[in-house]
Structures are given as structure tokens and as C-alpha cells.
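> Below are the sequence and a predicted model; questions follow.
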Amino acid sequence: GAGVSQSPSNKVTEKGKDVELRCDPISGHTALYWYRQRLGQGLEFLIYFQGNSAPDKSGLPSDRFSAERTGESVSTLTIQRTQQEDSAVYLCASSRRMQETQYFGPGTRLLVL
Amino acid sequence: SQQGEEDPQALSIQEGENATMNCSYKTSINNLQWYRQNSGRGLVHLILIRSNEREKHSGRLRVTLDTSKKSSSLLITASRAADTASYFCATPSGGYQKVTFGTGTKLQVIP
């Protein structure tokens, strides 16, 4: 594909529900990253994948957050039992290799009511 | 704490003026990147400067890197209203296995 895509672009959910966010990286990019950005704030690193492996999950805010990547391609970020403080834009990026230029998707704007 | 921190947090200038943003970081790096973000959505990569480079140009952008001071600056010359955005620096962290973004500088260019 031409760039990184994310779906859905917007998600409104009720507190306590689970949500799944999807990221399709640029084909051939081995590294994939997830970030969270609260309104008016900087990027908060969540997790990265090198291939299908996530060597460091310490950036995930709580055990309600999990992520996986398959086929060195699509990745999903799952938030269980959503809370209002989970409301944010979730950004995905990919790069050809670690430490190279990251190409960002448009993000998923999550609102937890 | 943030690996990279931008300064100032917000900057408002008139169109045509130059805008300078600074980034300070804490640990050794092999490169530093600057990104731009419009309207709280996806970021766009602007420029990468390696640790053995002191200055780099790209169009109206000029980036400097001082590894002894652990700082970098982004200069936008002859600013335009379309330059209005947030600008972030990004540096490797976690043993170069992660990239950490700073808190960003919100630039407003007034027509």
C-alpha cells in the first residue's frame, strides 16, 4: 500500500467495553510502533514490534492493553475493559528497520464515554 | 521522563519571520529526527541528522546538532501560515531499541 493505514478512524465506546484497533504498515517494513497521544500532549510510546516480536512491553499502560502482530504485517492493539482515561488518539507507525524514518498512519481517535 | 524535550512549548510568530525550536535529550544517540504534526493526527518526518553531523538543510529547514550539549535546534526560515503545526524531536532510547518523542513545540504562524 501507499502508506500506513489504521482502522477505525474514530471509535466511540462505553466504559467497560473492549476495543480493537488495527494498523496496516507499509509493505516490507519490519518495525512497527504504537503510540498514544492525549489531547494537546506529546506522544506516549506504547510498544514496538521487530518482525512479529515485541521485545519490550513495558510501555503498555496496564495489563488491559495488549498488542500482537502477525505475518510481519498487520498489528492489532486491544484495550480491554476500557476506561475514560483511555480516550486518546492511537497512532501507529512503521519503518523499514529500527531507528529509521517512521511513517505514521492517520491514527484512531478513541472516545470512551 | 522524556528523552527529548522541546523548547519552547509554544511559539507564535508573524508570517515571514524565522522560527527556532530546540530539543534537549539525556543519553547518547546515533541520530535525531524531527517530525511535524498537523491537527493531532499522523506525524510527518521532516529530517534526520546523524551524530557525526553538525548541521543539515532541507529546503527552508535547518537542523543543528550539538552532541556535547545534547541538544538540537530546528530553524524554519521565512515561515508561512501553512507551517502552523506541532514539531517533535525524536531520539533513540532503550539501548537504541526504541524511539522516544519529545513533548513538542506548538508553532503558530500568523498571516
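Looks like it came in fine.
> Near chain A, which residues of chain B? Just list them.
Taking CB under 8 Å from any CB of the partner chain as the criterion, the neighbours of chain A within chain B are B:2, B:30-31, B:33, B:35, B:40-45, B:48, B:88, B:90, B:92, B:94, B:96-104. Using the backbone N, CA and C atoms, a C-beta is placed for each residue, glycine as well.
> Keep only those of these that are in helices.
In helices, judged by DSSP state H, none of these are found.
> Just the buried residues of those.
Listed as buried from those are B:2, B:31, B:33, B:35, B:40-43, B:45, B:48, B:88, B:90, B:92, B:94, B:98-104; burial here means 16 or more other CB atoms under 10 Å in any protein chain shown.
> wait, what's in contact with B:S51?
Residues near B:S51 by CB atoms under 8 Å, 6 or more residues apart in numbering or on different chains: B:28-32, B:65, B:67.
> Correction: the previous question concerned A:S87.
A:S87 sits next to A:38, A:110-112 when contact means CB under 8 Å, 6+ apart.
> Tell me the residues of chain A that contact chain B?
Residues of chain A lying close to chain B (CB under 8 Å from any CB) are A:4, A:33, A:35, A:37, A:39, A:41-43, A:45, A:48, A:50, A:55-56, A:59, A:89, A:91, A:93, A:98-99, A:101-107.
> Just the buried ones from those residues, in ChimeraX syntax?
Entered in ChimeraX, the line below selects the buried ones among the residues of chain A next to chain B, by 16+ other CB under 10 Å:
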select /A:4,33,35,37,42,43,45,48,50,59,89,91,93,98,99,101,102,103,104,105,106,107
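> Sitting in strands, which of the residues of chain A next to chain B do you find?
A:33, A:35, A:37, A:43, A:45, A:48, A:50, A:89, A:91, A:93, A:103-104 (DSSP state E).
> Next, the contact list for the residue nearest to the spatial centre of chain A, please.
Residue closest to the mean C-alpha point of chain A, counted by CA atoms, centre = their mean, is A:W34 at 3.6 Å. By CB under 8 Å, 6+ apart, the contact set of A:W34 is A:23, A:46-48, A:67, A:75, A:77, A:90-92.
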